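Undergrad: Sequence and computational prediction follow.
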Amino acid sequence: MVEEDHQVGEHVWEEGTVNRLGETARRMGSLVLSGAPSKHGAADPSDGKNVVLHEFAHQLDYENHAADGVPGLATKEQQLAWSQS
């Protein structure tokens with residue numbers, strides 16, 4: 001559970017508690033996972049609901065200090081191959 005404020009209009013903000021299965025961020029310095037959803041996601045690798053893989057994919061994305069969907073890759077060839085897969 002996370003306390004979160006987000007803007008819903010020009011001068012309107014919504015405050016409240018949000019349930020999260022996992023969370024990480026480039027500047028967060030940690031990765032947080034909810035136990036039961038993590039176990040459930042690992043039980044069926046084909047259901048597309050693996051919170052552990054999802055959050056670690058974010059960590060790979062942050063390796064190059066950008067949240068752009070591309071991990072830190074050494075060469076242009078690797079970057080091209082990644083974008084084509």
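TA: Now that the structure is in, tell me what you want to look at.
Undergrad: hey, let's count contacts and neighbours off CA atoms from now on
TA: Will do.
Undergrad: and the lowest-mean-pLDDT helix or strand in the chain, what does it pack onto?
TA: Lowest mean confidence among the helices and strands of the chain (mean pLDDT, DSSP states H and E): helix 76-84, at a mean of 85. With contacts defined as 3 or more CA pairs under 8 Å, 6 or more residues apart in numbering; DSSP states H and E, helix 76-84 has no helix or strand neighbours.
Undergrad: Let's see it as CSV, backbone CA atoms only.
TA: Below are the C-alpha coordinates for helix 76-84, written out as CSV (Å, rounded to 0.1, in the frame of the first residue of the first chain):
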residue,chain,number,x,y,z
LYS,A,76,24.5,0.5,-31.7
GLU,A,77,24.1,-3.0,-33.1
GLN,A,78,22.7,-4.3,-29.8
GLN,A,79,20.4,-1.3,-29.6
LEU,A,80,19.1,-2.0,-33.1
ALA,A,81,18.6,-5.7,-32.3
TRP,A,82,16.7,-4.8,-29.1
SER,A,83,14.4,-2.4,-30.9
GLN,A,84,13.6,-5.0,-33.6
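Undergrad: ok, now which ones touch E23?
TA: E23 makes contact with L31, V32, L33, E55, according to CA atoms under 8 Å, 6 or more residues apart in numbering.
Undergrad: tally of neighbours for the nearest residue to the third one once chain neighbours are set aside?
TA: Residue nearest to L33 in three dimensions, not counting chain neighbours: G22, with 4.3 Å by CA to CA, 6 or more residues apart in numbering. Residues within reach of G22, counting by other CA atoms under 10 Å, total 17.
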